[in-house]
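Student: Predicted coordinates and the sequence they were generated for:
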Amino acid sequence: MLNKKSEIVIVDEKLYHLGIKKSDLAENIFIVGDPARAIRVSQEFDQIDCEISNREYLTFTGSYRGIPVSVIGTGIGTDNVEIALVEAYIAHEFDLKSAEKLQNCSPLTIIRLGTSGGVQPDVTPGSLAISSYALGLDSTGIYYEQSAEDKIVKKIETEASKILNSAIDKKSRFKGKITPYASKASSKVTHALMNQAEAYGVEFETGITVSSPGFYGPSSRYIEGLNNTLSDIKGSLSSLNIDGLKVHNMEMESSLFFHLCSQLGYRAGTICTVISGPNDSDSIIDYEAAIGNTIRIGLNALVELNDD
């Protein structure tokens, strides 16, 4: 592996997927799955210096209260987040002319502003979920080697694997083959998000966020004509309790996000609006107001982190 050259795809000094130059990205970044939410976040900026749309990615960079900040609309799923994070890393820590790695780069701060479904019966639609850890049902993270950040990560992986595999029918060809991985958010980012949620007086829970690789079968949504391997993932994982930490919500991005940022030494955290309950029967009435709370709390948490 010595002297192996990084396999970076750069066209006209722009990264292939994000379409950004080095100067187009700030050291403080929000990521959102929905490109429309990227627009919504950018409307809170004091000024916008650039807007870049390329393929499914949408990036705005400007400032908020004098702090340089970017927001990237990544699209849904850990696979899209993987591309966005790796290219953000390249933009920040590589010379895009020579593709050479730079030295002594400061760590990025990245906050995900998302939506999610509640897992526990007492997680109210319209409230917020702030992630301390994430449990990945996707397989993207296993392609990046990273030691478990602490003992809780190992416990989450072990217990979640037992719960999920025991819920699979013994006749299934996939019995015993689900191997989830866990990852940890930055404590500083998590605490800043909690501080700002408390300041706003918004109801929130902290705990474990499950990241699913799909919206339907991988989230145990029943569709007539399709056979799910697991009939109730939310119900099964609602019993998971690791040193008082419970699974509070399910989305599709945070597992790989925390995992990769941990490897890079970046500060990473997630705050999600809960838009439905465990069985999707209840949904929030004022979606825009709830998303607005998530965005404002995220922005103010970023200010707190920069004052630290």
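Tutor: Alright, I've got the coordinates. In this text the structure is predicted, and so the values were computed from the model without any measurement.
Student: Can you give me the buried ones in stretch 263-277?
Tutor: By neighbour count on 16 or more other Cβ atoms under 10 Å, the buried set for stretch 263-277 is 264, 266-277. Just so you know, the C-beta spots here come from the backbone N, C-alpha and C atoms, and that holds for glycine as well.
Student: Could you check the pLDDT of the residue nearest to residue 154 when sequence neighbours are not counted?
Tutor: Nearest residue to residue 154 in three dimensions, chain neighbours excluded: residue 148, at 4.9 Å (Cβ to Cβ, 6 or more residues apart in numbering). Each residue has a pLDDT score; the one for residue 148 is 93.
Student: Under a three-state scheme, what state does residue 148 occupy?
Tutor: Judged by DSSP: H, G, I helix; E, B strand; the rest coil, the three-state class of residue 148 is coil.
Student: what's the farthest-apart pair in the buried residues of stretch 263-277?
Tutor: Pairwise distances across these (Cβ to Cβ) peak at 34.9 Å, for the pair 264 and 277.
Student: Quick one: the helices in the stretch 1-150 of the chain, in order.
Tutor: Per DSSP state H, counting those that start in this stretch, the stretch 1-150 of the chain carries helices over the ranges 35-42, 78-93.
Student: which stretches of this protein have low pLDDT?
Tutor: Applying pLDDT under 70 to the predicted model, the residue ranges of the chain that meet it are 1-3, 280-282, 284-285.
Student: Work out which residue lies at the spatial centre of it.
Tutor: Nearest to the mean C-alpha position of the chain, counting by Cα atoms, centre = their mean, stands residue 254 at 2.9 Å.
Student: Now that one. Nearest residue, chain neighbours left out?
Tutor: In space, not counting the residues next to it along the chain, residue 254 is nearest to residue 134; the distance is 4.0 Å by Cβ to Cβ, 6+ apart.
Student: ok, now residue 65?
Tutor: Beyond its immediate neighbours in the sequence, the residue positioned closest to residue 65 (Cβ to Cβ, 6+ apart) is residue 303, lying 5.6 Å away.
Student: For the one you found, list the residues it contacts.
Tutor: Counting by Cβ atoms under 8 Å, 6 or more residues apart in numbering, residue 303 touches 64-65, 67.
Student: Other residues contacting stretch 214-230?
Tutor: Looking at stretch 214-230 with Cβ under 8 Å, 6+ apart, the contacting residues turn out to be 76, 117, 137, 164, 167-168, 172, 174, 212, 231-236, 250, 252, 280.
Student: swap the cut-off to 10 Å and go again
Tutor: With contact meaning Cβ atoms under 10 Å, 6 or more residues apart in numbering, stretch 214-230 is reached by 76-77, 117, 137-138, 164-165, 167-169, 172-175, 177-178, 210-213, 231-237, 250-252, 280.
Student: So which of those are in strands?
Tutor: 117, 210-211, 250-251 (DSSP state E).
Student: which one of those sits closest to residue 200?
Tutor: When these are compared for distance to residue 200 (Cβ to Cβ), residue 251 wins out at 21.0 Å.
Student: The closest residue to the closest one other than its chain neighbours pairs with what?
Tutor: Nearest residue to residue 251, sequence neighbours excluded (Cβ to Cβ, 6+ apart): residue 116, at 4.0 Å. In this structure, residue 116 has beta-bridge partners residue 274, where bridges are defined by DSSP bridges.
Student: what about residue 116, how many neighbours?
Tutor: A count of nearby residues for residue 116, using other Cβ atoms under 10 Å, gives 26.
Student: hmm, back to that, now do the contacts for the residue nearest to the centre of the chain.
Tutor: 78, 81, 112, 114, 116, 129, 131, 133-136, 183, 185, 208-211, 268-270, 272.
Student: Can you turn the buried part of these into a ChimeraX selection?
Tutor: Under the burial definition 16+ other Cβ under 10 Å, those of the contacts of residue 254 that qualify are selected in ChimeraX by:
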select :78,81,112,114,116,129,131,133,134,135,136,183,185,208,209,210,211,268,269,270,272
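Student: The residue nearest to residue 38 when sequence neighbours are not counted bridge partners, please.
Tutor: Once its chain neighbours are removed from consideration, residue 38 has its nearest residue in residue 73; the separation is 3.4 Å (Cβ to Cβ, 6+ apart). Residue 73 has the following beta-bridge partners by DSSP bridges: residue 32, residue 58.
Student: gap between residue 73 and residue 130?
Tutor: Noted for residue 73: a distance of 21 Å to residue 130, by Cβ to Cβ, to the nearest Å.
Student: do the same with residue 43
Tutor: 23 Å.
Student: These two: which is more packed in?
Tutor: It is residue 130, of residue 43 and residue 130, that has more neighbours when counted by other Cβ under 10 Å, with 26 against 10.
Student: For that one, list each beta-bridge partner.
Tutor: Using DSSP bridges, the bridge partners assigned to residue 130 are residue 206, residue 271.
Student: All set now, cheers.
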